[in-house]
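Asks: Here's my sequence, what's the structure:
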Amino acid sequence: MLEIYDLGMRMGRRALLTIAGTVRGEKPSKFIRFARGQKQALREAESILGNLDRNRPTVWIHAASLGEFGIARPIINLLKESCDCNIVLTFFSPTGYEALKNKLPAGVDAVLYLPFDTSANVNRFLDLLRPDCAVFMVSEYWHCYLNELHRRAIPAYLVSSVIRKDSAFFKWYGKLYRKSIGCFKEIFVLNDESRKLLESLGIENVTVNGDPLFDNVTLVASTPWKDKIVEQFTGHHKVFIAGSLHDDEDLEMVTQLANRHRDTRFIIVPHEISPSILRHLEEKLEGKTLFYSKCDKHTDFKDAQVLVIDFVGALAYIYRYATWAYVGGGFTKLLHSVIEPAVYGLPVAFGPNVKRKVVTREMMELGIGNITATPEELDKWFCSLKDNDARLREIAEKAAFYVSKNAGATRRVVNKIKEELCAKN
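Replies: Model (predicted):
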């Protein structure tokens, strides 16, 4: 089964590299950027990893994209504080890689693309990296990597995992997934249901731990951060923020809301910055709309209703300027972080696809979060809170308690990693 998977990956990689070499353009799509990144991934790894201090152990941390880095970040910070080690961070998506490659996060020694999951790539990458352990976020089941790590007796950990009855492990084609998840030395899951489902597969090295993302948002919220342009725009106004807008449904929801409430200021942060998305916003929004990249200290914000943040990487900090929030991705399987606005005490609305999200369901039960499947539902939710300061204070108190109650997962993960490093050195 692994051989068939490897063959499929090799064929996919060949097609990807062919595409990367033929497409031209000044502003390539996310897919093309990914293809070009894969083309040079191993060469870049060879160049950068040769500069690591090999007198220190190396911890490899992998996140799919920038969202999963939010889970990894507090682990990296605490691990670096308490252990003298190299930390190499890899991404599969260009979103995370491009945001961090030229400005390394605190504690990170290198940021790389994860080379395509073929047996040849895996062996070459692990020979270059020489990790003492590997830490994967959420649901990164790269079969060749996991099997080779296991063969080399390099311990791997899975963090913030959620296992459901409809997961691939329980499908007719799930044999390879069951084998791969068995390669982890320890799996940190978000709920007891996940633990029980894994035990039904004969996997007992499972810890119900909670989500390090709570520690990350707490860290972000407590970090001093200001932005003069955002401050000039918000002034003394209450502001509605729409973060990580993912697709046309999100854009339609938020633009209709902004047009219905011209007396309210909006900050809009698309998940991907592309000319088509920015053009869509400019065409749909009726109020005066400004783009962050075109603003400076001389910009007149007096009559502006909407500020579009046309760069990535600052959303988790910008939430602190808002009163209400909408988080994108809820019309797909990729709802973005609802904890990031909740840590500031904001009520949060999102699309209907939340069954994969444990935290989202808990926030709904507490009244912090709310599903809004249509523009009319979003408008009704917003109207119920727009001038209800008492309800906003109540939500803020519940959100603060919820976040603080769930903090602490990071230390348990880091303690496991430190045990492994100490045993090896």
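Asks: Next, R152: phi, psi?
Replies: Geometry field for R152 lists phi and psi as phi -90, psi 0, criterion degrees, to the nearest 10.
Asks: Which strand or helix spans the closest residue to it other than its chain neighbours?
Replies: If the residues on either side of it in the chain are set aside, R152 comes closest to L126, at 6.8 Å by Cβ to Cβ, 6 or more residues apart in numbering. Bear in mind the C-beta positions are built from the backbone N, C-alpha and C, glycine included. L126 is part of helix 119-129, with elements assigned from DSSP states H and E.
Asks: That helix - what's its average pLDDT?
Replies: On average, the pLDDT along helix 119-129 is 96.
Asks: List the buried residues of that helix.
Replies: 119, 121-122, 125-126, 128-129 (16 or more other Cβ atoms under 10 Å).
Asks: List the contacts of it.
Replies: Taking contacts as Cβ atoms under 8 Å, 6 or more residues apart in numbering, the residues outside helix 119-129 that touch it are 6, 10, 13, 42, 45-46, 49-50, 58, 60, 88, 114-115, 144-145, 148-149, 152, 154.
Asks: Format the CA atom coordinates belonging to the helix or strand following it as CSV.
Replies: In the C-terminal direction, the helix or strand that comes right after helix 119-129 (DSSP H and E) is strand 133-137. Output of strand 133-137 as CSV, limited to C-alpha atoms (Å, rounded to 0.1, in the frame of the first residue of the first chain):
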residue,chain,number,x,y,z
CYS,A,133,12.3,14.3,17.3
ALA,A,134,9.5,15.5,15.1
VAL,A,135,6.2,17.3,16.1
PHE,A,136,3.3,17.4,13.7
MET,A,137,0.2,19.6,14.1
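Asks: Let me know the angle separating strand 133-137 from helix 119-129.
Replies: Angle, strand 133-137 to helix 119-129, by axes from the mean of the first three to the mean of the last three Cα atoms, to 10 degrees: 120 degrees.
Asks: for strand 133-137, the distance to its chain's centre please.
Replies: Between the mean C-alpha point of strand 133-137 and the mean C-alpha point of its chain there is a distance of 15 Å (Cα atoms, centre = their mean, to the nearest Å).
Asks: which other residues reach the host helix or strand of V254?
Replies: Assigning secondary structure by DSSP H and E places V254 in helix 248-260. The list of residues contacting helix 248-260 from outside it, by Cβ under 8 Å, 6+ apart, reads 240, 242, 245, 264, 266, 268, 277, 280-281, 284-287, 305-306, 326, 328-331, 351, 372, 374-375, 378-379, 382.
Asks: Next step: those restricted to helices.
Replies: The helices, defined by DSSP state H, take in 277, 280-281, 284, 375, 378-379, 382 from the contacts of helix 248-260.
Asks: can you list the weak-confidence ranges in this protein?
Replies: Along the chain, the parts satisfying pLDDT under 70 run over 20-21, 23-27, 356, 423-425.
Asks: so what are the domain limits for the chain?
Replies: According to automatic domain parsing, the chain is divided into the following domains: 2-212+408-424, 219-405.
Asks: list the helices and strands whichever helix in the chain runs longest packs on?
Replies: Of all segments of type helix in the chain, defined using DSSP H, the longest is helix 2-22. Judged by 3 or more Cβ pairs under 8 Å, 6 or more residues apart in numbering; DSSP states H and E, the packing partners of helix 2-22 are helix 30-39, helix 119-129, helix 143-151, helix 175-181.
Asks: For the following helix or strand past the shortest one, name the packing helices and strands.
Replies: Next in sequence after helix 175-181, counting helices and strands by DSSP H and E, comes strand 186-189. For strand 186-189, the contact count by 3+ Cβ pairs under 8 Å, 6+ apart identifies strand 156-161, helix 192-200, strand 206-208, helix 409-424 as packing neighbours.
Asks: For the ones you listed, could you give me TSV that also reports mean neighbour count and distance to M1?
Replies: Converted to TSV, the helices and strands packed on strand 186-189 look like this (neighbours: other Cβ atoms under 10 Å; distance: least, Cβ to Cβ, whole Å):
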stretch	mean neighbour count	distance to M1
strand 156-161	25	19
helix 192-200	16	20
strand 206-208	17	24
helix 409-424	18	29
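Asks: what's the closest of these to V230?
Replies: Taking Cβ to Cβ, helix 409-424 is the member of the helices and strands packed on strand 186-189 nearest to V230, at 28.5 Å.
Asks: Now do that closest one against strand 156-161, angle only.
Replies: Counting by the same axes, to 10 degrees, helix 409-424 lies at 170 degrees to strand 156-161.
Asks: got the contact list for helix 409-424?
Replies: With contact meaning Cβ under 8 Å, 6+ apart, helix 409-424 is reached by 57, 59, 74-75, 78-79, 82-83, 85, 132-133, 135, 155, 157, 159-160, 185-186, 188, 207, 209-212, 214-215.
Asks: before we move on, the earlier item: for the longest helix of the chain, which outside residues touch it?
Replies: Residues external to helix 2-22 that are found in contact with it (Cβ under 8 Å, 6+ apart): 32, 34-36, 38-39, 116-121, 143-144, 147, 176, 179.
Asks: May I see the buried residues of that helix?
Replies: Residues 5-6, 9-10, 13, 16, 20 are the ones in helix 2-22 that count as buried (16+ other Cβ under 10 Å).
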